[in-house]
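A.B. asks: Just a sequence and a predicted model for now, questions to come.
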Amino acid sequence: MVDMNWTGEEKYYDQYGTDDMVEIISRLADTPIQETDHRRRKVTPRYFVSNTLTDPFEALAMLADPKSTYMQAKAASAGRKKDDIIISAMGGTSYSGKTGTTSNALAAGNKVVVGGAGLTKTKILAGKVILDKAEIPKTERFMAYGADQLSNLLATTEVTSSDYNSVKALVEGEVNTWLGFTHIHTERLETDTSDDRLCYMWQKMGMQLAIQKNPEGKLTERPDKNYAWQVYMKMALGAVRLEEDYVVQIACSE
């Protein structure tokens with residue numbers, strides 16, 4: 001989920017846990033009162049900038065205008081940094097409580113161990129079972145993986161099987177869904193201390209991206225630098241895992 005309405009140093013997202021119905025077994029019984037299960041998660045903004053000076057004399061020797069190229073590069077860099085923040089929040093520590101000081105780690109039960117193998121259909125199904133058993137909605141499920149992991153899938157499925165054809169279609173970009181997940185290729189996934197790649201499966205409501213300021217670029221001349229062009233971009237955002245049950249981590253050997 002994405003929230004664009006954010007001011008202040010921190011932001012909290014209120015949650016409410018599950019309810020259980022109480023059976024009424026006698027006539028004119030008292031109305032039962034149940035304890036509320038309120039929860040909240042904290043997001044702290046992180047600030048990023050990128051700034052480049054283009055030498056005015058070097059620019060004269062270039063056929064293309066370097067300013068537009070630099071701005072495009074900075075916009076792409078902002079997109080990669082946004083991915084990094086979301087990925088880090090998936091497996092990182094989330095903070096909850098009234099003052100946001102209670103730490104919440106992704107439980108071991110939501111992690112598919114490496115088992116000395118890369119990404120396999122068996123691992124994906126194991127992650128799916130974890131989400132299914134927690135009764136996580138089956139819509140808007142996603143999975144992030146790297147190029148090596150997709151290669152693993154091709155190597156572990158039979159050439160004549162429908163699974164192989166599905167994975168091959170993912171490789172060639174013909175489809176992006178398989179086993180109920182929208183598959184997203186990224187080379188930004190982190191590794192653990194054993195250099196195993198950490199892939200993630202999640203349902204949309206389990207992650208929150210909060211944007212305080214979208215990437216904003218400025219192009220100005222610097223008189224103090226012989227009127228060189230300064231190409232500047234900044235953004236402020238944060239991300240948090242809202243619910244542990246909505247996220248599964250899959251370790252893959254490379």
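C.D. replies: In hand now; what should we look at? Numbers count the residues shown, from 1 in each chain.
A.B. asks: From now on I want contacts and neighbour counts done on CA atoms only, so please keep to that.
C.D. replies: OK.
A.B. asks: three-state assignment of residue 13?
C.D. replies: strand (DSSP: H, G, I helix; E, B strand; the rest coil).
A.B. asks: List the beta-bridge partners for it.
C.D. replies: residue 41 (DSSP bridges).
A.B. asks: Tell me how many other residues surround it.
C.D. replies: Applying other CA atoms under 10 Å, we find 13 residues neighbouring residue 13.
A.B. asks: who touches it in this structure?
C.D. replies: By CA atoms under 8 Å, 6 or more residues apart in numbering, residue 13 lies in contact with 40, 41, 42.
A.B. asks: Can you say which of these are buried?
C.D. replies: Using 16 or more other CA atoms under 10 Å as the burial test, those include 40, 41, 42 as buried.
A.B. asks: okay, how far is it across stretch 96-114, tip to tip?
C.D. replies: Length of stretch 96-114, first residue to last, CA to CA, to the nearest Å: 29 Å.
A.B. asks: what sits up against it?
C.D. replies: 39-42, 91-95, 123, 126-127, 130, 196, 244-245, 247-253.
A.B. asks: Using ChimeraX, define a selection of the buried residues within those residues.
C.D. replies: Buried residues among these (16+ other CA under 10 Å), as a ChimeraX selection:
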select :40,41,42,91,94,95,123,126,127,130,196,244,245,247,248,249,250,251,252,253
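A.B. asks: Take the contacts of residue 13 and lay them out in CSV including distance to residue 27 and pLDDT.
C.D. replies: Output for the contacts of residue 13, formatted as CSV (distance: CA to CA, whole Å; pLDDT from 0 to 100):
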residue, distance to residue 27, pLDDT
40, 38, 83
41, 41, 88
42, 45, 90
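A.B. asks: who touches residue 212 in this structure?
C.D. replies: When contacts are taken as CA under 8 Å, 6+ apart, residue 212 is in contact with 4, 5, 6, 7, 45, 235, 236, 237.
A.B. asks: gap between it and residue 41?
C.D. replies: 16 Å.
A.B. asks: Ok, residue 87 next?
C.D. replies: Taken as CA to CA, the span from residue 87 to residue 41 is 17 Å.
A.B. asks: Buried residues of stretch 69-80, list them for me.
C.D. replies: Here stretch 69-80 shows 70, 71, 74, 75, 78 as buried, counting by 16+ other CA under 10 Å.
A.B. asks: low-confidence ranges in the stretch 51-200 of the chain?
C.D. replies: 59-66, 159-160 (pLDDT under 70).
A.B. asks: can you do 80?
C.D. replies: In the predicted model, the stretch 51-200 of the chain carries pLDDT under 80 at residues 55-67, 98, 157-160, 173-175.
A.B. asks: Now render the contacts of residue 212 as a markdown table, adding neighbour count.
C.D. replies: Shown next, in a markdown table, are the contacts of residue 212 (neighbours: other CA atoms under 10 Å):
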| residue | neighbour count |
| --- | --- |
| 4 | 12 |
| 5 | 10 |
| 6 | 14 |
| 7 | 11 |
| 45 | 21 |
| 235 | 20 |
| 236 | 18 |
| 237 | 22 |
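A.B. asks: the strands in the stretch 1-150 of the chain, which residues?
C.D. replies: Listed in chain order, the strands of the stretch 1-150 of the chain (DSSP state E, counting those that start in this stretch) span residues 2-3, 11-16, 38-43, 46-54, 94-96, 102-104, 111-112, 141-145.
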